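In: what follows is a predicted structure for the sequence shown.
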Amino acid sequence: MTAQPTVLIIDDDTMHLNMVKDALQAAGYHVLTAVDGQAGLRALYKAHPDLVLLDVNMPTMDGWTVCERIREVSNIPIIMLTARGAPEEVIKGLDLGADDYIAKPFELGVLLARVRANLRRAASPPTQVAGGEGYHDEHLAIDLEERRVRVDGKLIRLTPTEFNLLALLVSRAPRTVPYRELLERVWGFEYIDDIDYLRVYIWHLRRKLEPDPKNPIYILNELGVGYRFEKRA
């Protein structure tokens, strides 16, 4: 019998923490809890959980700092739980290494679906893009086989999810890939209606790759349809 994954919840709101804990345990997960960032890091080092649910607003050590500390030692999936749903706040979490975010308040069913999706992605081998030849110009170089991206000759760090999104767009160029297809192929069927979620990730990717993220020349939006990669060379 396969052991159920272990989820670590780090949240100083004990009422909220217990609510999420009960839902996860009812779904069959083994759950660890911590009510502050330092206790959460100690639990991570000791127990090596399979996924972390991390609140942002905590005293002493906030969720941003905890996320950064976790990324120094582990690639474990991190889902940020935040009342700060503004794109710039979400992008901050992505920059620090979070894999996902869920804005408060949220439905427990949505949380459970996101937990399943992140655990499934973490257990899957890297996505292979069939027939992809990559892309290269004076500014941007994308090697799909080696999974490397360079901007002005400098190697750019992309998360596996960011690279999979970029690779799918490049491999389909010049075709526009519909929003729902991008969400399902990169994140999973649990995300197919989360177009706003996709927009945040696209903006984050543009910040890393585009000469001017506000006026993109590579990752373009076909309004109401999807996104496409524009080959400039």
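Out: Looks like it came in fine.
In: tell me what the lowest-mean-pLDDT helix or strand in the chain is packed against?
Out: Lowest on mean pLDDT, DSSP states H and E among the helices and strands of the chain sits helix 87-96, with a mean of 81. Judged by 3 or more CB pairs under 8 Å, 6 or more residues apart in numbering; DSSP states H and E, helix 87-96 is in contact with helix 63-73, strand 78-82, strand 100-103, helix 195-209. For the C-beta atoms, the positions are set from N, CA and C on the backbone; glycine is no exception.
In: 6 Å instead, please
Out: Contacts defined by 3 or more CB pairs under 6 Å, 6 or more residues apart in numbering; DSSP states H and E place helix 87-96 against helix 63-73, helix 195-209.
In: in it, what's buried?
Out: Burial within helix 87-96, assessed by neighbour count using 16 or more other CB atoms under 10 Å, is assigned to 89, 90, 91, 92, 93, 94, 96.
In: which residues touch that helix?
Out: The contact list for helix 87-96 (CB atoms under 6 Å, 6 or more residues apart in numbering) reads 64, 67, 68, 80, 101, 200, 204.
In: name the nearest residue to the second one, sequence neighbours excluded.
Out: Read that as residue 67. residue 96 (4.6 Å; CB to CB, 6 or more residues apart in numbering).
In: how about the residue nearest to the spatial centre of the chain, what does it touch?
Out: Note on the chain: the residue nearest the mean C-alpha position is residue 99, at 2.8 Å, using CA atoms, centre = their mean. Contacts here follow CB under 6 Å, 6+ apart; on that basis residue 99 touches 77, 78, 118.
In: so can I have CSV of the residues you listed showing pLDDT?
Out: As requested, those are exported to CSV (pLDDT from 0 to 100):
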residue, pLDDT
77, 92
78, 94
118, 91
